[in-house]
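Asker: structure of the sequence below:
(2 chains)
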Amino acid sequence: MTLQPHLIRRLWLAIKAPLDGPLMLFLGLIFALSLVVLYSANNQGLDKIDNKLIYTLLSLTIMWLLARSRPQSIMNFAPPIYGIGVVLLLAVHFKGVTVNGSTRWLELGITRIQPSEIMKIALPMMLAWFFQKYELSMRWWHYLVAAVMIAIPCALVLKQPDLGTTMLIAASGFFVLFFVGLPWKVILGGMVAAGASMPVVWNMLHDYQRRRVMTMIDPMEDPLGAGYHIIQSMIAIGSGGPWGKGWLNGTQTHLDYIPERTTDFIFAVYSEEFGLVGNVVLVFLYTLVLSRAMMITAGAQTLYGRAMAGAITLSFFVYAFVNMGMVAGILPVVGVPLPFVSYGGTATVTLFVGMGMLMSIGNARR
Amino acid sequence: MRPTRFKNPQAEDGQFQLRLIVAYCFMLLMFCILIARFVWLQVYQHEHFSTLAQNNRISLLPILPNRGLIMDRNGVILAQNYSAYTLELVPSKMPDMNATIAELAKLVNITPRDEKLFRKLLGESKDFESIPLKVKLSEEEAARVAANAWRYPGVEVKARLFRDYPYKELTSHVLGYIGRINQKDQEQLDDEDKSTNYKGTNYIGKTGLEAVYEDDLHGQVGFEEVETDSGGRAIRSLRRTPPVNGNNLKLALDIRLQEVADKLFGNRRGALVAIDPQTGGVLAFLSKPGFDPNLFIDGIDSQSWAALNSDWQKPMINRALRGTYPPGSTFKPFMSMAALETHSIGMHDVRPAPAFFTLPGSSHQFRDSNKNGNGSANLAKAIQVSSDTFFYKLAWDMGIDKIAPTVGQFGLGRPTGIDLDGEASGVLPTKEWKAKRFARYKEEYRRWYPADVVSIGIGQGFNAYTPLQMANAVAILANDGVAYKPHLVQEVVDAKSGKSRLVEAKPDRTLPFKLENFEYVKTAMQSVLKPGGTAWRLGIGLPYTMAGKTGTAQVVAIKQGAKYNASALAEQYRDHSWFVAFAPVDKPRIAVAVIVENAGFGAAAAAPIARGLFDYYMTGKVPSSISGDMKTVPMDTADDSAATSD
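Answerer: Predicted structure coming up:
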């Protein structure tokens, strides 16, 4: 019996060992904050909190398993995971479930999965694996191959259609290219080309996608239609003021003016009740997470490690920025959850998988 | 194949670190932009968004006040409100209005008239307004529509208060009616800053007392501040300002007296105004024919409107208020007052009253209505027998400048100031009036001729007064010159406190005339109903004292030498029959002016109406000729019937 404290301590150390302390601290703070907001956003219901605790625990377990694995072993799974991802996306294309005009889901009997979510991790993994493998014999055409690897899932997701996720996947792929050394002139040239191709892309967009873009530019143009959500969330943020209306006191939230208030628009709830001060705190916490992730990336030893860690870090930033920017009315409405805060299991798993890989890369230094 | 470049770990490290720093700076920059956006929204635009959030949250729902009731002097309700279901449509919410109306027609009986009226209102309203398709649904119809309303967006069944005028034609020219607020009304409300008080109200007084006392009757709209969710559902009430119901009006008018007058008129056209000389309260106010004001409340359909407008009897014209007629011989008492006051004649001066009167140096004959004349008479006798030649001569001697000022004191030729809009002023002829009236004509038409005054002396010529003015003048005469402004509303009863505000309780003015002159003229008028008087038949069996004066107003001039032959003239060209009277002579309680259009001699048509009216007013007995037709009930049983007639 006297051994018990000792055993607990050993167990604790074993659990703690692969985890990154600062990262865990910052994530823990964001998570605590997210529970507080979720309680309010869900009209003080505990059901979603329970669910969130369960899927977070599950995600943490996956993260821990990944964190204690060597990056090398994880890397070896890249081609099969990418392959499975593409197959699933094809399956969605042919047999997917259509909700609200887009086909994103795959019915798997017990549950539905969203294969595009897998791609957010699978694509950078695949690319990082690819560049690691040909690190010593890199030619310009390797970038072409990489471009094709990016294009395949992007095309399939765009076809669903899901413009937001397509851009996130493409971005995660681009981040890998950026960190493996895609020449600056290609990057700048690509930006110019992208700008020039805007009219072409515009013509290819679906009506609802165009409307979203137009709505972002001028939400007042269609205040009761497409602009409604943005206007209401801007009202929530603006009326929150410097200090916020106080926890559980957001009128926009509790009178049902904020759409999707536990998921994509949860930031509006937070911002209404905690004000500018709350916003600055949250952005600061995200900056801490990003800074720590950057440090890990900077210390990565392999090309795979650098590319993967960098891509995970930048993707995390993109999620946070795009979500807050969308709710604040400076970016179009795309279905991006606020990392670690929005309610939703799939996105959380993806995020923690990313964090697990990051920690694994960080551990590899030692 | 030759590698393009050698691997250089050091260079690559540097390259990688640089890119990390670029990425990190980029992220920080982006977050700064985000923070800047938050500052803009939450600090600079905070006020603006707070207002928006507040507007989102709070909506003000108007609570309509109940419109005040209008009742007669005994408390009989003349204008009331009742609650009924209406089927209303909001065009802006309806995908296919015509199809929906066709569907609704299967549930309730929608007549072509209903639909026509709806189309008319649709044209006048804004799209988001709720427009009634059918009013007064039965319970069963309301339930049927309500059960199916979910199938038709924009279709609503609402319980609303409706105005009802139970006495219809009998009160149309007194009460007027309310109607839907139209563009013009709305603009006026905006101008007067009253539009807030009309939030949620669709109706406003259009004519009659409903219009004049609009501010009293309407009341004060109440508001409920409710918190609403995004679906517009009221979550809870934050604050409630109850409405203040409109004030009730209690009229001086006696509806049963009004009905007696109406029944005595029968189908004849004309007007009757009865006034209490002691207060100026209007006891009866009738313009025949009337119309059903209930038709106007929700907008009149075009058929009924056309029928009312094309009716040659012009039921929409308020004859008592706006009809101007020459007063004929009913003018003579006022003429006499002028003669006595200006000392143009002594009370006992006897003068000739021949068959005709000619001006010096003219062959034109001003004939007497009695073809043999009346020999000679003093002023009192001239009134009793209504000698025209006597008054021709008197007028000729006096000249218009001595007549008009005195007669004008009785309120003739100017609005009486009654509490109704649109009163006509009539014409009290003077030299100035004629010059102005014919200003655009040649000199010879504008000039005042000495002969002009002759026919004025018997109430013809340019004289033109409303029945209301005549009744008012008689009331002032009866009351020895103590004048009250005639008023229909006696009390305004505050809906909240029950306190009432009396209207016109004090005399308006007192005429500066000698009491003996009043007495003289009144006694002469009393003799009109005595043997030898023009209305002697009416005086038979009078249980009270009564004074009066008959009159016959010429509609067309009769040629020199020709004889007035009523049967040869088309009805519209026959003379109007006048009678003015008051009773009792000592302390008058009622004064009346009656005109029956195209009915010939005053004694024949108008006078019996006045007698019947007075009999009822003085004794409470309904004349036997009409007692079978009466719909109103005597006061002592009125309460019972009000309870059962609902």
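Asker: quick check: the closest residue to residue B:293 other than its chain neighbours vs residue B:316, distance?
Answerer: Once flanking residues are discounted, residue B:293 sits nearest to residue B:177: 3.7 Å by CB to CB, 6 or more residues apart in numbering or on different chains. For every residue, glycine as well, the C-beta is placed using N, CA and C. To residue B:316, residue B:177 is 11 Å away according to CB to CB, to the nearest Å.
Asker: now swap in residue B:154 and tell me
Answerer: Taken as CB to CB, the span from residue B:154 to residue B:316 is 36 Å.
Asker: okay, now the residue nearest to residue B:293: neighbour count?
Answerer: Using other CB atoms under 10 Å in any protein chain shown, the number of residues around residue B:177 comes to 25.
Asker: show me what contacts it?
Answerer: Applying CB atoms under 8 Å, 6 or more residues apart in numbering or on different chains, we find residue B:177 in contact with B:163, B:165, B:205-208, B:210, B:293-294, B:296-297.
Asker: for residue B:547, same thing?
Answerer: Shown in contact with residue B:547 (CB under 8 Å, 6+ apart): B:478, B:522-523, B:525-526, B:528-529, B:581-583, B:585.
Asker: which positions in the stretch 151-300 of chain A make contact with chain B?
Answerer: A:178-179, A:181, A:232, A:234-242, A:251-252, A:255-257, A:271, A:275-276, A:279-280, A:283, A:286-287, A:290-291, A:294, A:297-298 (CB under 8 Å from any CB of the partner chain).
Asker: could you rerun that using 6 Å?
Answerer: A:235, A:237-242, A:251-252, A:255-257, A:276, A:279, A:283, A:290, A:294, A:298 (CB under 6 Å from any CB of the partner chain).
Asker: could you find the closest non-adjacent residue to the residue in chain A that chain B sits nearest to?
Answerer: Chain A approaches chain B most closely through residue A:238 (2.6 Å), counting by CB to the nearest CB. Using CB to CB, 6+ apart and skipping the chain neighbours, the partner closest in space to residue A:238 is residue B:49 (2.6 Å).
Asker: what's the neighbour count on that neighbour?
Answerer: Counted with other CB under 10 Å, residue B:49 comes out at 22.
Asker: likewise residue B:612?
Answerer: Neighbour count of residue B:612, defined by other CB under 10 Å: 22.
Asker: tell me which element residue B:237 falls in.
Answerer: Here residue B:237 sits within strand B:234-241, counting by DSSP states H and E.
Asker: what pairs with that strand, parallel or antiparallel?
Answerer: Using DSSP bridges, the strands paired with strand B:234-241 are strand B:222-228 (antiparallel).
Asker: residue ranges in the stretch 201-350 of chain A under the pLDDT threshold?
Answerer: A:212-213, A:215-227 (pLDDT under 70).
Asker: show me where it has its strands.
Answerer: With strands called from DSSP state E, counting those that start in this stretch, the stretch 201-350 of chain A shows none.
Asker: helices of that one, start to end?
Answerer: Applying DSSP state H, counting those that start in this stretch to the stretch 201-350 of chain A gives helices spanning A:207-217, A:228-240, A:251-254, A:266-298, A:303-327, A:345-363.
Asker: mind putting those in TSV, mean neighbour count included?
Answerer: Below are the helices of the stretch 201-350 of chain A laid out as TSV (neighbours: other CB atoms under 10 Å in any protein chain shown):
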stretch	mean neighbour count
helix A:207-217	16
helix A:228-240	26
helix A:251-254	24
helix A:266-298	23
helix A:303-327	26
helix A:345-363	23
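Asker: closest to the centroid, which residue in the chain?
Answerer: All of this is about chain A. By CA atoms, centre = their mean, chain A has its centre lying nearest to residue A:319, at 4.5 Å.
Asker: looking at chain B here, not the other one
Answerer: Centroid-nearest residue in chain B, with CA atoms, centre = their mean: residue B:208, separated by 1.4 Å.
Asker: so the residue of chain A closest to chain B is in contact with residue B:45, correct?
Answerer: Yes. With contacts counted by CB atoms under 6 Å, residue A:238 reaches residue B:45, the gap being 5.0 Å.
Asker: chain center to stretch A:162-173: distance?
Answerer: When distances are taken as CA atoms, centre = their mean, to the nearest Å, stretch A:162-173 is centred 10 Å away from the chain's centroid.
Asker: contacts for that stretch?
Answerer: Defining contact as CB atoms under 6 Å, 6 or more residues apart in numbering or on different chains, one finds that stretch A:162-173 is touched by A:102, A:104, A:116, A:119-120, A:123-124, A:127, A:150, A:153-154, A:157-158, A:209, A:311, A:315, A:318, A:334-336.
Asker: strand partners (parallel or antiparallel) of the strand or helix carrying residue B:548?
Answerer: Under the criterion of DSSP H and E, residue B:548 resides in strand B:547-553. When pairing is defined by DSSP bridges, strand B:547-553 lines up against strand B:576-583 (antiparallel).
Asker: quick revisit: from residue A:268, how far out is the residue nearest to residue A:238?
Answerer: Applying CB to CB, the value for residue B:49 to residue A:268 is 12 Å.
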